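**Student:** What shape does this take:
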Amino acid sequence: MGSVRRRGQQVRIKLDADETGFLTALAQELIARLSDGSSPEAADPQDPLAALTGAFAEPVEPPADPILARILPDAYRDDAGAAAEFRRLTDSGLRTAKSRRLSHLVDMLASGERSAGSALRLDLDDAEVEEWLYTLTDIRLMFGTWIEATEDLDEQRRALEPGSKRYAEIEAYDWLASLQESLVHVLTGY
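**Tutor:** All right, here's what the predicted structure looks like:
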């Protein structure tokens, strides 16, 4: 696995080519899902209030895609009306913000400094690390939903052959968790 280290005011992330490719592919998949066309545009794109709040947006149905339902959950589980209103006002903005962060991550992965052996090196400031944390949360939610992650992944792994597809899925999920945890530790100093 790559490494995450604090270097003065910067956080240095090193990822090998496979890790970079995996993270890029997951981010691009999530961008595609978020921009599936189900997010309504404001009634008047010239109206700054409508663009900011979605004030004139039509109702938005909860996503049928289980991955998007996990990433864009209902805000109020016990109040369908409040959940629908919240979704109407926030869905477009949330999709845009998440897509923007994911695109920034993809751009960083594509433009980072490469060393011998195709390893990627990125130096991030604390604000960029925070952005990565938000983005990795969405990526982990997507991937975890995709592979049907449960609390017993360690038990499942022990019962699997190391070369099996499920074993690889669990390893990949753990790698995402480890990367995110490393970023939290280096950001908080714990």
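**Student:** State whether Ile147 and Tyr173 are indeed in contact, as I suppose.
**Tutor:** Yes - look at Ile147 against Tyr173 with CB atoms under 8 Å: they come within range, at 6.3 Å. Quick note: C-beta positions are derived from backbone N, CA and C, even for glycine.
**Student:** What segments of the protein are helices?
**Tutor:** With DSSP state H as the criterion, the chain has helices at 17-34, 48-53, 66-71, 80-111, 126-146, 153-158, 165-188.
**Student:** Of those, which is nearest Leu120?
**Tutor:** Comparison of those against Leu120 by CB to CB identifies helix 17-34 as nearest, at 4.8 Å.
**Student:** burial measure for Arg101, as a count.
**Tutor:** Arg101 has 19 neighbours, counted by other CB atoms under 10 Å.
**Student:** so what's it closest to, chain neighbours aside?
**Tutor:** Thr135 (4.6 Å; CB to CB, 6 or more residues apart in numbering).
**Student:** Let me know how buried that neighbour is, in neighbour terms.
**Tutor:** Thr135, neighbours per other CB under 10 Å, totals 23.
**Student:** Any stretches of this protein with poor pLDDT?
**Tutor:** Applying pLDDT under 70 to the chain picks out residues 1, 37-57.
**Student:** now with 90?
**Tutor:** Counting by pLDDT under 90, the chain has low-confidence residues at 1-2, 36-60, 112-119, 150, 153-154, 156, 189-190.
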